[in-house]
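Participant: sharing a model prediction with you, sequence too.
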Amino acid sequence: MNLLDNLNWRYAAKAMNGKKVSEDKIERILEAARLAPTSSGLQPFEIFVIKNQDIKEKIRPVAWNQSVITECSHLLVFAAWDTYTEDRINYMFDLTNEIRGFKNEGWENYRQKLLSEYPQQDAEDNFNHAAKQAFIALGIAMVAAANEKVDSTPMEGFDPAAVDEILGLCEKGLRSTVLLALGHRKEDADWLVNLVKVRKPMADLITVID
Ligand SMILES: Cc1cc2nc3c(=O)[nH]c(=O)nc-3n(C[C@H](O)[C@H](O)[C@H](O)COP(=O)(O)O)c2cc1C
């Protein structure tokens, strides 16, 4: 199957059957998320992979009681940095130097530019910027899941403060941003499974400027 076939196959499953997704598939989906591009390469988020059923049961009531939370195989929680700090910026620049094995003047100048701007900015603005980067990884994880014929349900319908509390994210300087349930669709319980996918026509989406 090609990419567009897989994207047409995927939909935001409303019911899952509880069957486990194999760990090798989960690893490839997570690796795709890890490879997501982010602004300045900072990857300002972490992903929590919840396999524990008791934790899923705790999250479900604070996530609009959505059944896929407990019916899924793995529940991913994308948690963005609560702000940009000097340490967080330096960590990624140092990691780049370490992995590439050299220091580059232009790159070091860019580090100083970010250090002189980001940590001083409003923490809420920084969190919102970090959350946008987490959404790029979310999108890539959904495409990767479809490529593995794994169903996924992205969810913003939850109380972030409550999820942060359950997972102890505040202490880690993180804030939950979006959830992604991974599993297998339960066709006989899902009102959406057989409905035609609705997208606006290309003409309403794309403007070509020659
Ligand atoms: C960021 C985001 C948040 C979403 N939140 C929810 C949610 O909380 N519950 C839900 O059932 N669907 C949720 N959806 C699914 C969308 O409603 C769905 O993707 C959209 O209607 C397009 O349909 P399709 O994904 O089935 O093609 C969310 C989708 C995205 C991208």
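Facilitator: Received it, and whenever you're ready, just let me know what you need. Not measured: the values here are computed from a predicted model.

Participant: going forward, measure contacts between C-alpha atoms and count neighbours the same way
Facilitator: Fine.

Participant: sheet-wise, list the partners of the longest strand seen in the chain with their directions.
Facilitator: If you go by DSSP state E, the chain has its longest strand at strand 174-183. Strand 174-183 pairs in its sheet with strand 74-81 (antiparallel), strand 151-155 (antiparallel), by DSSP bridges.

Participant: I'd like the next helix or strand past the first one.
Facilitator: Downstream of strand 74-81, the first helix or strand assigned by DSSP states H and E is helix 86-100.

Participant: just checking, next helix/strand downstream of that next one?
Facilitator: Downstream of helix 86-100, the first helix or strand assigned by DSSP H and E is helix 105-117.

Participant: top helix in the protein by residue count?
Facilitator: Longest helix in the chain, counting residues (DSSP state H): helix 123-147.

Participant: so what secondary structure elements neighbour that one?
Facilitator: Where contact means 3 or more Cα pairs under 8 Å, 6 or more residues apart in numbering; DSSP states H and E, helix 123-147 is packed against helix 3-9, helix 23-34, strand 45-50, strand 74-81, strand 151-155, strand 174-183.

Participant: any chance of these in JSON lines, with mean pLDDT, distance to Gln66 and mean neighbour count too?
Facilitator: Shown next, in JSON lines, are the helices and strands packed on helix 123-147 (pLDDT from 0 to 100; distance: least, Cα to Cα, whole Å; neighbours: other Cα atoms under 10 Å):
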{"stretch": "helix 3-9", "mean pLDDT": "96", "distance to Gln66": "22", "mean neighbour count": "13"}
{"stretch": "helix 23-34", "mean pLDDT": "98", "distance to Gln66": "22", "mean neighbour count": "16"}
{"stretch": "strand 45-50", "mean pLDDT": "98", "distance to Gln66": "16", "mean neighbour count": "18"}
{"stretch": "strand 74-81", "mean pLDDT": "98", "distance to Gln66": "12", "mean neighbour count": "25"}
{"stretch": "strand 151-155", "mean pLDDT": "98", "distance to Gln66": "9", "mean neighbour count": "23"}
{"stretch": "strand 174-183", "mean pLDDT": "98", "distance to Gln66": "10", "mean neighbour count": "26"}
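
Participant: wait, which of these is closest to Ile209?
Facilitator: Closest of the helices and strands packed on helix 123-147 to Ile209 is helix 3-9, at 24.7 Å (criterion: Cα to Cα).

Participant: dump stretch 137-153 to PDB, restricted to CA.
Facilitator: The C-alpha trace of stretch 137-153 is given here as PDB (Å, rounded to 0.1, in the frame of the first residue of the first chain):
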ATOM      1  CA  ALA A 137       5.700  14.600  16.200                       C
ATOM      2  CA  LEU A 138       2.100  13.700  16.800                       C
ATOM      3  CA  GLY A 139       1.400  14.000  13.000                       C
ATOM      4  CA  ILE A 140       4.400  11.900  12.100                       C
ATOM      5  CA  ALA A 141       3.500   9.300  14.700                       C
ATOM      6  CA  MET A 142       0.000   9.000  13.200                       C
ATOM      7  CA  VAL A 143       1.400   8.600   9.700                       C
ATOM      8  CA  ALA A 144       3.800   6.000  11.000                       C
ATOM      9  CA  ALA A 145       1.000   4.100  12.800                       C
ATOM     10  CA  ALA A 146      -1.100   4.000   9.600                       C
ATOM     11  CA  ASN A 147       2.000   2.700   7.800                       C
ATOM     12  CA  GLU A 148       2.100  -0.200  10.300                       C
ATOM     13  CA  LYS A 149      -1.700  -0.700  10.000                       C
ATOM     14  CA  VAL A 150      -2.000   0.400  13.600                       C
ATOM     15  CA  ASP A 151      -5.100   2.500  14.500                       C
ATOM     16  CA  SER A 152      -4.600   5.800  16.300                       C
ATOM     17  CA  THR A 153      -6.800   8.300  17.900                       C
END
